[in-house]
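> structural data only, the sequence is not supplied:
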């Protein structure tokens, strides 16, 4: 009787495929249509400053782009910024997660203050750092330098890439802290207590107990942050506009300059394809790394 009832229920089961189809089709269209248009324009002569030059361009947009020193400089700047911010966020995020895992008075408020910068919009964060902290005349850092008899630093002229890395890292350290602090909650306290009884303290405890436990969440943080760091734009636009010269021109900003300042839609689309390939290469490496950590 139970088998018959189960068969009847299976016949009456609702097919969810048709219900999911509209959302799946919309999602695919949302992804495929822009990608297809980018690929199409990358093989076309399409410059808004010269509307009479049209038609199929072949691989000339790619050839011109790959011969441009600006592209390779932008890729190098993108990798430098992404790698530096990842290193800073992982180091400081891990340290803060370990610190805030300890029980002390005011821990809840301290946690809230540490996580708060993550919810500040990139444009607002860049303006705060540019005008309130790093301004060479009226900034907070300039006041500190003058108070000890030193000459203030014009951050965005003397150290533009370092300044950009500091701003972006300040925004993403809270994200790493939040993820790793959550992971610390699942750490086996009995294991830690046993390690303490065996004489493990400080760096020994961190190296052999805490760090191995955090390797998986660290891998996830690296993968998620990389996706967003490869497309950083607002901070560059507000602070340095890619300068001085091309010192802070990343691949995303390079494409923006091509498309909206040089009006070269074909060249910018070719740059977009290069950015997609770069992002996929980085994503493939990160996914394999994360999968390896999960297997271990």
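Arrived safely. What you see is a predicted model; the values in this text were computed from it and never measured. Numbering: from 1, shown residues only.
> just checking, residue 164 touches residue 82?
No. Residue 164 is beyond contact range of residue 82, at 11.3 Å (criterion: Cβ atoms under 8 Å). In this view, the C-beta of every residue, glycine as well, is placed from N, C-alpha and C.
> so between those two, which is more surrounded?
The neighbour comparison of residue 164 against residue 82 (other Cβ atoms under 10 Å) goes to residue 164, with 27 against 20.
> you'd agree the more buried one is in a helix?
Yes. If the criterion is DSSP: H, G, I helix; E, B strand; the rest coil, then residue 164 is within a helix.
> so what's it up against?
81, 235-236, 239-240, 248 (Cβ atoms under 8 Å, 6 or more residues apart in numbering).
> distance-wise, check it relative to residue 155.
10 Å (Cβ to Cβ, to the nearest Å).
> so, low pLDDT: which residues of the stretch 1-150 of the chain?
Residues of the stretch 1-150 of the chain meeting the criterion pLDDT under 70: 1-14.
> ok, back up a step: let's have the contacts of residue 164 in CSV, adding neighbour count.
Output for the contacts of residue 164, formatted as CSV (neighbours: other Cβ atoms under 10 Å):
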residue, neighbour count
81, 22
235, 25
236, 25
239, 22
240, 22
248, 26
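> just flag the most distant two among those residues.
81 and 239 (12.5 Å; Cβ to Cβ).
> check what pLDDT residue 222 gets.
On the pLDDT scale, residue 222 is placed at 90.
> find the nearest non-adjacent residue to residue 211, please.
Residue nearest to residue 211 in three dimensions, not counting chain neighbours: residue 94, with 7.8 Å by Cβ to Cβ, 6 or more residues apart in numbering.
> helices or strands up against whatever helix or strand that neighbour lives in?
Assigned by DSSP states H and E, residue 94 belongs to helix 69-100. Of the remaining helices and strands, those touching helix 69-100 by 3 or more Cβ pairs under 8 Å, 6 or more residues apart in numbering; DSSP states H and E are helix 107-115, helix 160-184, helix 211-229, helix 251-256, helix 265-295.
> how about that helix: buried residues?
Across helix 69-100, burial judged by 16 or more other Cβ atoms under 10 Å covers 71, 73-75, 77-78, 81-82, 84-86, 88-90, 92-94, 96-98, 100.
> likewise for stretch 141-149?
141-142.
> any chance you could list what contacts it?
133-136, 151-153, 155.
> one more: stretch 98-110?
111, 114, 177, 181, 184-185, 187, 206, 210.
> try it again with 6 Å
Outside stretch 98-110, the residues that touch it by Cβ atoms under 6 Å, 6 or more residues apart in numbering are 111, 181, 184.
> and what of stretch 47-62?
42-45, 263-264, 266-267, 270.
> span of that stretch from start to end?
15 Å (Cα to Cα, to the nearest Å).
> and stretch 37-51, end to end?
OK, stretch 37-51 end separation, Cα to Cα: 18 Å.
> show me what counts as buried in that stretch.
38, 41-47.
> and stretch 190-207, by the same measure?
Quick answer for stretch 190-207 (16+ other Cβ under 10 Å): 195, 200, 205.
> from residue 254, how far out is the second one?
Relative to residue 254, residue 200 is positioned 49 Å away (criterion: Cβ to Cβ).
> coming back round to it: looking at the contacts of stretch 47-62, which two lie furthest apart in space?
Pairwise distances across these (Cβ to Cβ) peak at 17.8 Å, for the pair 43 and 263.
> so how far is residue 205 from residue 185?
Distance from residue 185 to residue 205, by Cβ to Cβ: 17 Å.
> what sits against residue 261?
Residue 261 touches nothing, counting by Cβ under 6 Å, 6+ apart.
> just give me the neighbour total for the closest residue to residue 157 other than its chain neighbours.
Excluding the flanking residues, the one nearest residue 157 by Cβ to Cβ, 6+ apart is residue 244, at 6.2 Å. Residue 244 has 12 neighbouring residues, counting by other Cβ under 10 Å.
> helix/strand/coil for residue 244?
Per three-state DSSP, residue 244 ends up coil.
> check what pLDDT it gets.
pLDDT, residue 244: 90.
> next one: the one 5 residues further on
Note for residue 249: predicted pLDDT of 95.
> is it in a helix, a strand, or coil?
Residue 249 ends up coil, using three-state DSSP.
> wouldn't it be in contact with residue 74 here?
Yes. Under the criterion of Cβ atoms under 6 Å, residue 249 makes contact with residue 74 at 5.2 Å.
> look up how far residue 198 lies from the nearest residue to residue 231 once chain neighbours are set aside.
Leaving aside its sequence neighbours, residue 231 sits nearest to residue 252 (Cβ to Cβ, 6+ apart; 5.2 Å). Computed as Cβ to Cβ, the residue 252 to residue 198 distance reads 50 Å.
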